[in-house]
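> structure for this input, please:
(chains A and B)
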Amino acid sequence: GAVVSQHPSRVICKSGTSVKIECRSLDFQATTMFWYRQFPKQSLMLMATSNEGSKATYEQGVEKDKFLINHASLTLSTLTVTSAHPEDSSFYICSARVWGQGDPPNYGYTFGSGTRLTVV
Amino acid sequence: GDSVTQMEGPVTLSEEAFLTINCTYTATGYPSLFWYVQYPGEGLQLLLKATKADDKGSNKGFEATYRKETTSFHLEKGSVQVSDSAVYFCALLLNSGGGADGLTFGKGTHLIIQP
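From the prediction side, this is the model:
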């Protein structure tokens, strides 16, 4: 259980265009979704945290007007890279917080399979 | 800020060899520590975790012990298999009591097991 489906897995786009990446929770409701970016030989860096129905919280240095995050439903969060440039080429991965049944409540994280974005 | 440092890869071993992937961390509080594994074409999967000092996480033959004195969480396995070939990420979560931000990851270590 607790599967996140991320699409597309790979995308190549022209500089100046926009690209949308989708993450869907298939068998649970994802109230909180995280978006990460990973450059070659670097760590996964948290870009933003989104909660269903509210505005995303962006990490320092991440342009919110460039990386638009929408989390309008409990099963879908999207990341749109607007006016993409070659320096936006990276690996983007989403993650959802999954609450367990324990007492006190605990949680874990489930990840999408990632999207390799190449801007040419 | 919080950070995780893990050994650079790729790490190449023969089947049945002993594996250690080093991971150290810097954190302002008392983090929970995790190892995630990413097989080719798949998302990250939780491998094991430890939430307090001296805890040992274990799964699928892998083990890691939370060492507060050395701020380390090294991953070990006694006898690796070809199917263990993957990228391994060490990560920390500073506030595991709810309302926490996302995980802080290391750069990942690509493990290659040769038959």
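
> nearest spatial neighbour of B:Leu19, skipping sequence neighbours?
Nearest residue to B:Leu19 in three dimensions, chain neighbours excluded: B:Lys77, at 4.4 Å (Cβ to Cβ, 6 or more residues apart in numbering or on different chains). Just so you know, the C-beta spots here come from the backbone N, C-alpha and C atoms, and that holds for glycine as well.

> for the one you found, give me its contacts.
By Cβ atoms under 8 Å, 6 or more residues apart in numbering or on different chains, the residues touching B:Lys77 are B:18-19, B:61-63, B:84.

> now the buried members of those.
Among the contacts of B:Lys77, those scoring as buried are B:19, B:62-63, B:84 (criterion: 16 or more other Cβ atoms under 10 Å in any protein chain shown).

> as a markdown table, those residues with pLDDT would be great.
Shown next, in a markdown table, are the buried ones among the contacts of B:Lys77 (pLDDT from 0 to 100):
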| residue | pLDDT |
| --- | --- |
| B:Leu19 | 97 |
| B:Phe62 | 97 |
| B:Glu63 | 98 |
| B:Asp84 | 97 |
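
> show me which residues of chain A sit near chain B.
Applying Cβ under 8 Å from any Cβ of the partner chain, we find that chain A lies next to chain B at A:4, A:6, A:9, A:34, A:36, A:38, A:41-46, A:49, A:93, A:95, A:105-114.

> just want the most central residue of chain B.
Residue closest to the average C-alpha location in chain B (Cα atoms, centre = their mean): B:Trp35, at 3.0 Å.

> next secondary structure element downstream of the helix or strand where that residue lies?
Assigning secondary structure by DSSP states H and E places B:Trp35 in strand B:32-38. Downstream of strand B:32-38, the first helix or strand assigned by DSSP H and E is strand B:44-50.

> just checking: what are the partner strands of the very next helix or strand once past that following strand?
Under the assignment DSSP H and E, the closest C-terminal helix or strand after strand B:44-50 is strand B:56-59. Here strand B:56-59 is paired, per DSSP bridges, with strand B:62-65 (antiparallel).

> between the helix or strand of chain A with the lowest mean pLDDT and strand B:44-50, how big is the angle?
Using mean pLDDT, DSSP states H and E, the weakest-scoring helix or strand in chain A turns out to be strand A:107-111, at a mean of 83. Inter-element angle recorded for strand A:107-111 and strand B:44-50: 150 degrees (by axes from the mean of the first three to the mean of the last three Cα atoms, to 10 degrees).

> for strand A:107-111, name the packing helices and strands.
Packed against strand A:107-111 by the contact rule (3 or more Cβ pairs under 8 Å, 6 or more residues apart in numbering or on different chains; DSSP states H and E) you find strand A:90-99, strand B:44-50.
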